[in-house]
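>>> Quick check, what structure comes out for this input:
(one chain, ligands or ions: 2)
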Amino acid sequence: MLTSWHKARETARSLAKPLEAVELPLKQALGMALASPLRALTDMPAFDNSAMDGFAVAGPGPWRRAGRVRAGDEPRAETLRSGQCVEIATGAPVPHGADAVIPIEDCVQTQHHVTGPVTLGRHIRRAGEDCHAGLELVSTHKTITPAMLGLAASVGYDTLFVHRRPTVTLLLTGDELLLEGPPRPGRVRDAIGPVLPGLITKHADLLKTAYVRDDRATLTEALGESTDLIIVCGATSVGPADHLRGALRDLRADVLIEGVACRPGHPQLLAVLPEGRRVAGLPGNPFAALAATLTLVRPLLAGLGGHEVPEPTTARVNAVTTHPRDTRLVPVTRASGEAIPVGHDRPGSLRGVALADALAVIPSHWAGGQAELLPL
Ligand SMILES: Nc1nc2c(c(=O)[nH]1)N[C@H]1C(S)=C(S)[C@@H](COP(=O)(O)OP(=O)(O)OC[C@H]3O[C@@H](n4cnc5c(N)ncnc54)[C@H](O)[C@@H]3O)O[C@H]1N2
Ligand code: MOO
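Ligands and ions are numbered 1, 2, ... in the order given. Below you'll find the predicted structure:
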């Protein structure tokens, strides 16, 4: 009995409890999911500082020059008295007593004095005006972006607690596979090996790729890899050389999904081995393998890495026929807010999907209009 496409994704996500938290230097945390909220360790800014190069002034002008402060200087010990000013650089600490900073281009300078238009508090970035120490800036499970790394550094972090990235082994089966040169009668070039890394390494570390003979004992042994997920391509069906189901039985795996009601990709599998490692079986037809990766493998890896479930993207999809029972996954390109099918979408061919930006999810009962998009 095939599992519905939506139920299959829910099952993959529910199997994906976030892996343990690890503490990493900022540079290594990019793209990982926060395992605890990012809270400001200090007030931001940490001290009153100038937003402009110019003069910090106290009281009404004209102001007598009383020195200069640069970014990186210690805050001045003396309070600026009414009628005094200091030359100040952007980012430099504003002296106590200063009412405002006047940008240099608005000042008239003589040897000892400065005049210019003053507005109380103008161009002074006050300590804590952005946030106070302890405030939650980014919540747990958010994926760390370059901007978040900069924010973390600016509020004092050297390391972050993130969920460990899942590790993956990729096993490609098929005695007919060629690893180089043109295909010839009876032999096909492996087209899944080149596709998979780019689909999964955003949220996972691919530790090993191996080509496995079409033999049950060999496949059973290969499933001994100790990664969090083992992906097996091309042994999911019921032919004489399709040994994944037999190997999973030999290993007493719990098969949670045995076929998904989608086209292409319906023979895909998801199983858990007795000690908790997960196995995803992808159909051998290359476009079907890609569709199955977006259906089960991506949500599973994102969940293991602790990433929150993203809001689905939708678009208006033009001119697609539905399947009588199953969800169709249709390669589309996006233009002017619409998704346009690219065609050439046979399960064994990557021709259409190679030109696509996304797969449109078209349920059997779809009546036209908006559909969910899975980005490629
Ligand atoms: N009796 C049935 N036969 C098949 C069914 C079915 O429901 N009943 N489903 C068909 C569908 S749909 C698919 S998809 C395939 C899935 O089969 P497998 O996962 O066992 O894959 P294979 O049989 O090994 O290969 C299928 C096809 O793909 C080619 N292939 C395999 N690996 C690669 C690769 N790495 N790169 C390029 N091409 C690959 C292989 O040569 C075959 O042509 O089962 C159908 N049969
Ligand atoms: O559904 Mo198969 O997975 O079409 O090629």
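
>>> From now on I want contacts and neighbour counts done on CA atoms only, so please keep to that.
Fine.

>>> So which bits of the stretch 151-300 of the chain are right by ligand 1?
Proximity of the stretch 151-300 of the chain to ligand 1 is confined to 172, 174, 189-192, 234-237, 242, 265, 267, 283-286, 288 under the rule CA under 6 Å from any ligand atom.

>>> Please flag which of the residues you listed sit within strands.
L172, R189 (DSSP state E).

>>> Can you give the domain ranges for the protein?
Under the assignment the TED database, the domains of the chain span 5-19+165-305, 21-43+129-163, 49-125, 314-375.

>>> how about those in JSON lines, adding mean neighbour count and mean pLDDT?
Formatted as JSON lines, the domains of the chain follow (neighbours: other CA atoms under 10 Å; pLDDT from 0 to 100):
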{"stretch": "domain 5-19+165-305", "mean neighbour count": "20", "mean pLDDT": "96"}
{"stretch": "domain 21-43+129-163", "mean neighbour count": "18", "mean pLDDT": "97"}
{"stretch": "domain 49-125", "mean neighbour count": "19", "mean pLDDT": "97"}
{"stretch": "domain 314-375", "mean neighbour count": "18", "mean pLDDT": "95"}
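
>>> now the ones you listed as CSV including distance to ligand 2?
Output for the domains of the chain, formatted as CSV (distance: least, CA to the nearest ligand atom, whole Å):
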stretch, distance to ligand 2
domain 5-19+165-305, 3
domain 21-43+129-163, 31
domain 49-125, 59
domain 314-375, 4
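
>>> Which stretches in the stretch 51-200 of the chain count as helices?
Per DSSP state H, counting those that start in this stretch, the stretch 51-200 of the chain carries helices over the ranges 146-154, 196-200.

>>> Next, format these as CSV and append distance to V118.
Listed next are the helices of the stretch 51-200 of the chain as CSV, based on distance: least, CA to CA, whole Å:
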stretch, distance to V118
helix 146-154, 30
helix 196-200, 57
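
>>> Could you name the stretch from the ones you listed that's closest to V260?
The minimum distance between V260 and these falls on helix 196-200, with 19.5 Å, by CA to CA.

>>> ok, the next helix or strand after the closest one: who's next to it in the sheet?
Using DSSP states H and E, the helix or strand that follows helix 196-200 in sequence is strand 205-212. Using DSSP bridges, strand 205-212 pairs in its sheet with strand 167-173 (parallel).

>>> Mind exporting the C-alpha coordinates of the strand it pairs with to CSV?
The C-alpha coordinates for strand 167-173 follow below in CSV (Å, rounded to 0.1, in the frame of the first residue of the first chain):
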residue,chain,number,x,y,z
THR,A,167,26.4,12.1,8.0
VAL,A,168,25.4,10.2,4.9
THR,A,169,26.6,7.2,2.9
LEU,A,170,25.5,6.9,-0.7
LEU,A,171,25.3,3.4,-2.2
LEU,A,172,24.7,3.2,-6.0
THR,A,173,23.6,-0.2,-7.2
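
>>> And the strands in the stretch 51-200 of the chain, which stretches?
Taking DSSP state E, counting those that start in this stretch, the strands of the stretch 51-200 of the chain run over residues 54-57, 63-69, 84-88, 100-103, 108-109, 113-115, 124-125, 136-138, 159-163, 167-173, 177-178, 188-189.

>>> Over to the stretch 251-376 of the chain?
All strands of the stretch 251-376 of the chain, identified by DSSP E, counting those that start in this stretch, fall at 254-258, 262-263, 269-272, 278-282, 313-317, 327-335, 338-341, 358-362, 369-375.

>>> Distance to P185 for those strands - can I get that in JSON lines?
Below are the strands of the stretch 251-376 of the chain laid out as JSON lines (distance: least, CA to CA, whole Å):
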{"stretch": "strand 254-258", "distance to P185": "32"}
{"stretch": "strand 262-263", "distance to P185": "27"}
{"stretch": "strand 269-272", "distance to P185": "29"}
{"stretch": "strand 278-282", "distance to P185": "24"}
{"stretch": "strand 313-317", "distance to P185": "38"}
{"stretch": "strand 327-335", "distance to P185": "28"}
{"stretch": "strand 338-341", "distance to P185": "31"}
{"stretch": "strand 358-362", "distance to P185": "31"}
{"stretch": "strand 369-375", "distance to P185": "34"}
